[in-house]
Structures are given as structure tokens and as C-alpha cells.
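> What follows is a protein structure lacking sequence information:
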């Protein structure tokens, strides 16, 4: 075997073929995985698997299964990057059969097989790698290396510039023919092959591992491998455990942005060509938003003729079970005719002889684009309105000083602007402008049009001076329409009602508080919180190039893990890599240094823990559920009961707030009568307690004249107030005394339509279910009419339908119920029922109910 190996190497090294320097670039790489499948690789080992909760679990697997995880993860990386020019192949040594191109030309190189030919890896490649099992024969790794070289050379005979890589997976427990290995090293150096040896339980000083009870053969083989790697120009040998740990380390995907041509203009090149400048430039991405890989949806493949019949994959071996086959789901858009037909005035028409009926499919070519305009649509038959007559290029409109630039106005991704590499004149011109702007600290205001008649974008050009070239950074900026202003009161200047400036107030910090906060901010400085460099100077703690996106790399880790593990229940996704969590928490050194400053701030500002708010319980131990609007502080400012209300404040209150006092007086008088009659224990469950009532009880009963005041005008049918609660519940903007007036007032403001609709619906149901609510039936019906009208006009159709369904249920089946009120509702007929699909379409909205359902709903059914 040794002589045959020498002959083979002689022919390879003296073939006279020219060798080329191969450029390192993304893709255009062939990686050969040489996997040892000798009998020793079947040795069972215990592997500690870290769970997500931090606990470890012991799993038994063979050395081969453990080492193949590295191969599958490397292949998965190629699949993840999605480059067709990133290819690989797998060669096994130690197999029972022999199948390689070197053995086909002559004897020797036995027990070496080409398992997976070179090609772009797919999910099937990982499946085939998972099926590799240890054999009973011995294989020579040097033979496998020579077969890998020849296989690569044959495949890359017309691809001389491609990068060649080779990875050897072995436990070094079998004999090696080491004669004439120098010729193999010379050939690999000539071809510039990057060779990596991943050794199972290899001693590694950097990793801190040394195997106990190592056999003499393995010790000698490890020494040979280190000697072999030392003779290579591009070689590396390491421990398999360390390799598996490092391969899960977050790493960025290197991408090269394509250069797109455009024109940089200064001045009017059409009307004043002698006084203007036009430069040919190229633009490329400087920053680009990276997103995690999207998950695809799959389903079990079924028989078309019989959907209940699941298609199964027949096993290749008798011992294997049948497997399910999955198919990826694809999105498909279908256009269907609606049940409502509109004319040009957006009015619904009945067209009995229409060619297209509701539910018919319409081709995309027959559609007309339109823009929604209020509750109607503005058709655009040509697909779009006439475009602006813009010209492709970047036009400099003016300049500004760099110190006037506001970083918060940067709107998106940054672009490089380079001079055309093929135009020396353009390079000189752009470099001159960049140098002048850099020296004077100027930034250019520009308008960028990416293609003719495209919408223009506004941005800034910032000059950047590199060692060998000059360029610009183009920063997108907002238009006036894009800026949102949120004014708020001054934090350090207070003015009282008299217009005088207040200098001392609990809201104004004193000097001690300012000094404490300044010390705290200085203590949290991260610029000198990192590790020390070679000179002993501490470096910044945060580095952008080491701050990885957790969403991207966690999804990537989950995908890789699911691809290499057969049972996710036994081997769940491990915790994230420590590098991914590096910047999740501030450094301990800084926290320790800032501990005294934190205590100083707590003492200066009297910082205390706010106790959790507990909802007050009712007498029957029933706790009222928190309403959705309980935390809306701006809408629910409860004034202090002891504070007097000025005339100005009283004029600004809503009708419900102004007239609450009369209602409180009436309810308090009613409560006093209940107490005197000894009937307090049988208080109705629908009457919640009121703090205002308790306050009035302590103050004494009001006069009989005030107690007889009504919460609603006497002209209405509602001649008495059935409720015994305050006018407006916490979190509500509609009161119970004058709900319709409150509703109209909020709708007129135009900012709280959704909240007003929701609260009026709540108030109507609340009043209807109270005792003696029949006195306010007409008022509630009027509220319902107004509520339905606003709901249909303001696209709150779903809110109305939900309310009317709930109202019918509580009126007919609630405990207590109110059948009388629902009879009054049904007397109004179809106009007060559900909003149907046709009615909603006419108004520019959507509904889930048909016209027949809406008509049937309004009927009285006990």
C-alpha cells in the first residue's frame, strides 16, 4: 500500500498543472468531510445535555453519533446561508465496502467509500449523514485524505478559483500508515486546502482537557496528527467537545452588497450645464435590517381521491417503520364577488340579471384598483394615479453644519455612495467634494430618486475619509409629514395659577437630588467597564460587532438543533450561547461600583416600593373585575372629595358631572330610609357601594327639596333615578345620569369614538338591568338609536353587533331579566337590529351576519 501511495502522489505532484491563488469569498467552496466509521467509533459514551432551565441530563450515544453532530451543524450552516456555490461531500473510511475514484484506477485505498457526492447540501443530506453507522473494519485516515484530494480535484477541474476545505472526524484509536505522508502535505499546500482535524477526546491545553487512561496507540496517533497539521500552511487540530461548543457561538453572515449605478448632481444640469456638476456614482448598503428565518407551514400529504388516506413512505429496510410524508403549504389568493353591488355613488343596487353572482370567482386581470376614501372608494382604473415627473439620481439641494444634525431623525438604513470605479474623473470630483465637506464639517441635504418617476426621498450626505478612498454616507431623513411632536410641560419650571414662577415645589429637584443623580449616572459609565488590554487599560464594555440579535440566533439555534437531533423530547433545545446573553445584564463591576450611588439616590428622592392596588371587596365577598379602562389616568381623574370645585371648573365639566350632586342626594336619602327600616342585610346585589354615599351619610341627610331632584330633565319620560351609584364608574367616560349628552359630547371631540361607543353600550345594559329601569326605557331606546348610527358611520360595526347580541341575552335569559325592554326594542323593527353584510359593505365596513340573520334576530323569542 505504501508503494502504491508513493506512485499516486508522484503523479499528482508532477502533473504540471498550474496552481492558482484562490480568492477567499462567500460561497464558491467545496468542503470534504472525512468520517471515521471504524469499530472503535461505536463506543458508547455519556454526554451531558444542558436543559433550558439550567439542569443537566445524561444521555448515552456512540462516539460516532456525538461527532456527527459537528458535521450536521456545518452542513446546516451551508443550507442556512442559502448559497448554491457552498457545496460539500462526505467520504467514510473504515467501511466494509470500497467505493472511491482512486481505487477504481488501481489497487489500494480499501475500506474508503464516497458516501455523499459533492453538491449543494439539502435536508436530505443531513438525513443521510444521520444514517451513518460504525462498521467492523479498519480504515486508514491518510488513504481517506488522498481520496478526498482526488475527489475534490476532479470536481473542481474547471473551477480553479474555488476554496477547498477538508474536515477529518476521528477518535485516533486505529493504526495509521505514516510512510510518505510528507507528499500528501505537499500536495495539500499546493492546492491551499484548509484542513481541520476534529478529534474525539483529544488533549487540548487551550480547552483544558486531558483524557485519562489514554492508550499508547491513540497517544502516538495524536502526536502524528499534530505533526501533520504543523507541516500544513492552513491546518488546525482540536477537541471535538470544544468544536461543538464553538460551532454554536453566534456569528454574523457575511454579505456583500451589490453596487447600483446612479448619478450625483450639483446644480441645474439642464438649464445651466456650465455652472453645474454631474458625477457617476455607485451606491451600496452600509446597514441592512437582518431578520430571523421564517418558519414554513407543512401538512401531512394525503391522497387526492381520498383525503382521509395519509400517504406514507415505505421503509427501505424491513426493521424500519413507515414514515409520514409532509408537503409544504403555499399561499393562494382568490377574488370572490361580494353579495352587495355598488354604483358610482356607492349606493347598493339589486341587479337580478348580473353576470356575476355572489361567491363567483373573478380573475385578477378583471379587477380595478381603488383607494378607500372615508366610507367609500375612489376607483383608479389604470392601477395608479399619474406619477411625479422625477428624474433618477441624487440631487444636492443645500448644505448644513454637522452640529445641526439630529440623530433621532434618521429614518432607516444607511447607504454608501462611491465614485464610479471605472471613471477616474468621477473619483477625483467626488473626492474633492468629500474632502471639502469633511474639512468644513458640512452635510449635504439631498433628494434621491431611485428610478424615473419614482417617489423622491430626502436624506443627508456625510463625508467619510478612508485611508485609500473617499465616499459619502447617505442617511434617510423625514419629511415634515413624518415628524410627530408630543409637547409636554417643562420639567424644571413651574408656574402657579397667578402666573408666578415657582422655585420650590415637590416636583422641582433640589441641589442634593441633582448631585445624587449625577453621581449615579457617572457611576454607571460603561466606557471603562470592559476587560483590560495589553497595556492594562480597561476597554469599553459594549461592542457593536459583538452584540448579536437574540431573535435571529435563537431561531437559528433551534433550527440547527432540530435538524441534528432525532428526539426533541430527550434532547430539547439547549440554553442560548453565553455570547448571546453577554449584554443582557449590566456588568457586575459597574453594579458594585454604583451601589453607593444607588443608595444615595434612594435616600435623596425617598424612593419606596409602591404597594399593589387591591380592589375593594363587596359585602357578599364578590370582587369586582377590573375594567379595561381602569388605568386610563387621563380619562379617569377622580378629584379629592374634600376639595371645593371652582366656578371655572364646574363650567368645564360634562352634564353628568355637573348634575351628580342631585343624584347623590337622592340616593343617600333612599339609603337612609333603608337603614331606618332595618332592611340593610337584604340590599340588592345590583347596587354597588359608593364612597360618596358614605361621605353624605356622615354629613347628614340632605333637605327634602334636594332629595327630590331628578338626575334627568323632567321633560323626559324618566322621572326618577333608579341607580344608587355615582354618576360615572372608574375608567368610564359616559355617565349614567345623562348618557346621551355625554356620548354626543365625546363624539364631537373626535378622539374617543371607540371608547365612547364601548362605554355607552355598557351604560345601556347597566341601566336596563337595574330595578325600576322601565322609567328610562324611552331614553335608553334613544341612546341605542344614536349608538347604532355612530357605530355604522365610524366603522364600529363589530362593537354594535356584539352589544345588541349581549343585550338580547341579558334581557331574555339573564337573572334578573327585562323582557319588557326587549319588547320595546323589537317594536323598532329591522332598523335597530344587527348590521348585515350588505349594509356594512354599503357603509365601507365589514360584518359577519347576513340580511336574513339580522331580520330574524330582532324578533322576540322567549
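Structure's in. What do you need? Quick caveat, the model's predicted, so the values are computed rather than measured.
> Could I get the contacting residues of residue 251?
Shown in contact with residue 251 (C-beta atoms under 8 Å, 6 or more residues apart in numbering): no residues. Every residue, glycine included, has its C-beta placed from N, CA and C.
> and it, what helix or strand is that in?
For residue 251, there is no helix or strand it lies in under DSSP states H and E.
> Look up how far residue 552 lies from it.
As defined by C-beta to C-beta, to the nearest Å, residue 251 lies at a distance of 11 Å from residue 552.
> With residue 106 instead?
Residue 106 sits 50 Å away from residue 552, going by C-beta to C-beta.
> Which one's more surrounded, those two?
Legend: neighbour count by other C-beta atoms under 10 Å for residue 106 and residue 552, higher for residue 552 (17 against 10).
> Just give the nearest non-adjacent residue to residue 528, would you?
residue 538 (4.4 Å; C-beta to C-beta, 6 or more residues apart in numbering).
> Mind pulling up the pLDDT for the one you found?
Per-residue pLDDT puts residue 538 at 88.
> now do the one 10 residues further on
Residue 548 carries a pLDDT value of 90.
> Looks to me like it is in a strand.
No. Residue 548 is assigned coil when assessed by DSSP: H, G, I helix; E, B strand; the rest coil, not a strand.
> And stretch 845-858, how far out from the chain middle?
38 Å (C-alpha atoms, centre = their mean, to the nearest Å).
> Same check on stretch 591-607?
Chain-centre distance of stretch 591-607: 35 Å, with C-alpha atoms, centre = their mean.
> So which bits of it are buried?
Across stretch 591-607, burial judged by 16 or more other C-beta atoms under 10 Å covers 594, 597-598, 600-601, 604.
> before we move on, which element is residue 581 in?
For residue 581, there is no host helix or strand (DSSP H and E).
> ok, it to residue 169 distance?
As judged by C-beta to C-beta, residue 581 and residue 169 stand 30 Å apart.
> And residue 783, by the same measure?
According to C-beta to C-beta, residue 783 and residue 169 sit 78 Å apart.
> can you check residue 797 too?
Residue 797 sits at a distance of 65 Å from residue 169 (criterion: C-beta to C-beta).
> Report the buried residues of stretch 447-464.
Result for stretch 447-464 [16+ other C-beta under 10 Å]: buried residues 448-449, 457-464.
> Show me how far it is from its chain's centre.
For stretch 447-464, the separation from the chain centroid amounts to 28 Å (computed by C-alpha atoms, centre = their mean).
> Averaged pLDDT, that stretch. What do you get?
Mean pLDDT, computed over stretch 447-464, is 94.
> What of stretch 83-90?
For stretch 83-90, mean pLDDT rounds to 92.
> cool, and stretch 771-789?
89.
> what does stretch 269-289 give?
Taken as a whole, stretch 269-289 carries a mean pLDDT of 92.
> Can you mark which positions in that stretch are buried?
Across stretch 269-289, burial judged by 16+ other C-beta under 10 Å covers 269, 279-283, 286.
> so how far is the first residue of stretch 363-379 from its last?
18 Å (C-alpha to C-alpha, to the nearest Å).
> tally of neighbours for residue 543?
Using other C-beta under 10 Å, residue 543 is surrounded by 11 other residues.
> so what's it closest to, chain neighbours aside?
Take residue 543 and drop its neighbours on the chain: the residue closest to it by C-beta to C-beta, 6+ apart is residue 530, 7.9 Å away.
> For residue 538, see how far away that neighbour is.
When distance is defined by C-beta to C-beta, residue 530 is 6 Å away from residue 538.
> do the same with residue 68
Using C-beta to C-beta, residue 68 is found at 43 Å from residue 538.
> okay, residue 347: pLDDT?
With respect to pLDDT, residue 347 scores 55.
> Tell me which residues touch the residue nearest the centre of the chain, please.
Centrality entry for the chain: nearest residue to the mean C-alpha point is residue 551, 7.6 Å, by C-alpha atoms, centre = their mean. For residue 551, the contacting residues are residue 292, by C-beta under 8 Å, 6+ apart.
> Which helix or strand lies directly C-terminal to the host helix or strand of it?
Using DSSP H and E, residue 551 sits within helix 550-564. Remark: after helix 550-564, the chain's next helix or strand is helix 588-605, criterion DSSP H and E.
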